[in-house]
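Trainee: Got a predicted model here, sequence first, then my questions.
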Amino acid sequence: MPPPVNRSATAAVLVPLTGPQAVVGTALLNAAQMAMFEIGDDTFTLLPFDTKGTPEGAVAAAQAAVAQHADIVIGPLFAGEAKAAAMITRQNGLNMVSFTSDRTAVGDGVYSLGFLPGPQAVQVIDYARAQNRPRLAILAPSNDYGRRIVEWLYNTPSVAPTIATVQYYDPAAPDFTGPIKRLIKTDPKKPGDVGFDALLLPDEGQRLRGVASMLSSQGIDPAQVKLLGTMLWDDSKPNSEPALSGGWYAAPAMAGHADFDARYTRAFGSHPPRIASLGYDATALAAVLARRGPHDFSAAVLTNPLGFAGVDGLFRLLPDGTSERGYAIDEVVPGAPVKEIAPAPAAFSAAY
C-alpha cells in the first residue's frame with residue numbers, strides 16, 4: 001500500500017526497549033523524543049520500534065518500520081542489529097543512521113553516528129603533532145577496540161608515517177612490563193630518548209591506570225613523553241593516576257553536552273547514559289531535514305560536507321558510512337576535573 005499523500009515525514013527509531021539493554025535503549029528513545037519536541041514540527045513524526053537487543057528483533061523492527069511507511073531509520077544500537085536490519089532497509093531504499101561504532105556495520109545506506117574510536121585517536125594525535133610531538137608510539141590492548149584503532153591509524157595518511165612503534169598487550173594480563181619494554185627504541189647518540197614523543201594508550205578504567213603506572217619504572221617518563229587517549233579516558237578517573245597527569249585525549253566539547261544532560265535530567269528525572277545524546281542528534285537531524293519539501297533523506301543530503309551541529313559538537317556523515325566529528329582536546333588535571341585545552345573546531349576546515 002503506498003503512503004498517504006501530503007503526510008508528515010516519519011522517522012523510525014529502532015532501539016532495545018526490552019531485554020538486557022533496555023535501559024540504554026529507553027534513554028536513546030527519551031533523547032529522541034526530546035529532540036522531536038524541541039526541534040520537530042507538524043512535518044515530522046517519530047515511531048519507536050523495539051529491537052529487543054537482538055539481530056532477529058532488529059529485523060522485525062525494521063519490517064514494522066517499513067510497514068508504517070518510515071522515511072528514515074534511526075538506530076539500531078549494536079553492530080549485529082544494524083547488519084541484520086540493513087537487509088530490510090536496503091531492500092526498501094531506506095537510509096539508516098545507526099548508533100554503532102563498528103565500522104564493519106556501515107556503508108551502502110547505513111551510517112554511523114557513534115563515537116568512532118579511530119577518528120578520536122587521529123584528532124588527538126594531530127593535536128600532539130601540532131605541539132611538536134611528531135613521533136608516535138601506540139600501546140594498545142589486543143582486543144577488537146585496540147586493533148581497530150591501530151588499523152585505522154595505519155590507514156590514515158597523516159598519521160601512518162609518524163608511527164614509530166606499536167605494541168599490544170593481553171587485556172587480561174596482570175603485568176604489562178614486557179610490551180612496555182618492547183616499545184623503547186634506544187639510540188646511544190641520544191641518551192634518554194626512547195624513540196617517540198607521544199604515546200597513545202587507547203584503553204579504559206583500572207587497566208588504563210595500571211598500564212600508565214608502570215611506564216616510569218620501565219624507562220618511559222610521562223614528563224618527557226606526552227600520553228594520549230580516546231574518549232575511553234572520560235569515564236576512567238584518569239585524574240586519580242599520577243602518571244596520566246597532563247595527558248591529552250579527544251572528547252566532545254563539554255558545554256553542549258552539559259546543557260543536554262541538564263535538560264534530559266529535568267525531563268526524565270535521571271542523568272542520561274553518555275550515548276543518549278546520539279539519540280537526540282540523529283532525531284534532530286531528521287527533524288530538520290523533514291522541514292524541507294519534499295522530504296529528502298537521500299545520501300546526498302545526509303552526507304552534506306558542511307556537516308551539522310549536534311549536542312556533542314560538529315559532525316558529518318561520510319559517503320562510506322562512517323562519521324567525522326569535531327572533538328575538543330582535554331587535559332588530565334590531578335585530583336580535579338579535566339581541563340579543555342583546545343576547543344572543538346567550528347568548521348571541518350579548521351585545524352589545530
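Mentor: Sure, I can see it.

Trainee: Now do the helices in the stretch 151-300 of the chain.
Mentor: Ranges of helices in the stretch 151-300 of the chain, per DSSP state H, counting those that start in this stretch, are 177-183, 205-213, 254-268, 276-290, 299-302.

Trainee: now those helices as CSV including distance to Pro16 and mean pLDDT?
Mentor: Bear in mind the C-beta positions are built from the backbone N, C-alpha and C, glycine included. Below are the helices of the stretch 151-300 of the chain laid out as CSV (distance: least, C-beta to C-beta, whole Å; pLDDT from 0 to 100):
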stretch, distance to Pro16, mean pLDDT
helix 177-183, 36, 95
helix 205-213, 24, 95
helix 254-268, 17, 91
helix 276-290, 12, 94
helix 299-302, 24, 94
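
Trainee: of all those helices, which lies closest to Pro238?
Mentor: Among those, helix 205-213 comes nearest to Pro238, with 7.2 Å by C-beta to C-beta.

Trainee: Please point out which parts of the closest one sit buried.
Mentor: Arg207, Leu208, Arg209, Gly210, Val211, Ala212 (16 or more other C-beta atoms under 10 Å).

Trainee: can you check stretch 337-349 too?
Mentor: Val338, Ala342, Pro343, Ala344, Pro345.

Trainee: what does stretch 294-306 give?
Mentor: His295, Phe297, Leu302, Thr303.

Trainee: ok, now stretch 70-87?
Mentor: 70-86.

Trainee: same deal with stretch 145-164?
Mentor: Neighbour counts using 16+ other C-beta under 10 Å place Tyr145, Gly146, Arg148, Ile149, Val150, Trp152, Leu153, Thr156, Val159, Thr162, Ile163, Ala164 of stretch 145-164 among the buried residues.

Trainee: now those in a markdown table, with distance to Met96 and pLDDT?
Mentor: Below are the buried residues of stretch 145-164 laid out as a markdown table (distance: C-beta to C-beta, whole Å; pLDDT from 0 to 100):
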| residue | distance to Met96 | pLDDT |
| --- | --- | --- |
| Tyr145 | 23 | 94 |
| Gly146 | 27 | 96 |
| Arg148 | 21 | 93 |
| Ile149 | 24 | 96 |
| Val150 | 28 | 97 |
| Trp152 | 22 | 94 |
| Leu153 | 27 | 97 |
| Thr156 | 25 | 95 |
| Val159 | 29 | 97 |
| Thr162 | 35 | 96 |
| Ile163 | 34 | 97 |
| Ala164 | 39 | 96 |
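
Trainee: which one's the longest helix in the protein?
Mentor: Counting by DSSP state H, the longest helix found in the chain is helix 22-39.

Trainee: between that helix and helix 276-290, how big is the angle?
Mentor: Angle, helix 22-39 to helix 276-290, by axes from the mean of the first three to the mean of the last three C-alpha atoms, to 10 degrees: 40 degrees.

Trainee: Tell me the helix or strand right after helix 22-39.
Mentor: strand 44-50 (DSSP states H and E).

Trainee: and that next one, what does it pack onto?
Mentor: strand 9-15, helix 22-39, helix 55-67, helix 276-290 (3 or more C-beta pairs under 8 Å, 6 or more residues apart in numbering; DSSP states H and E).
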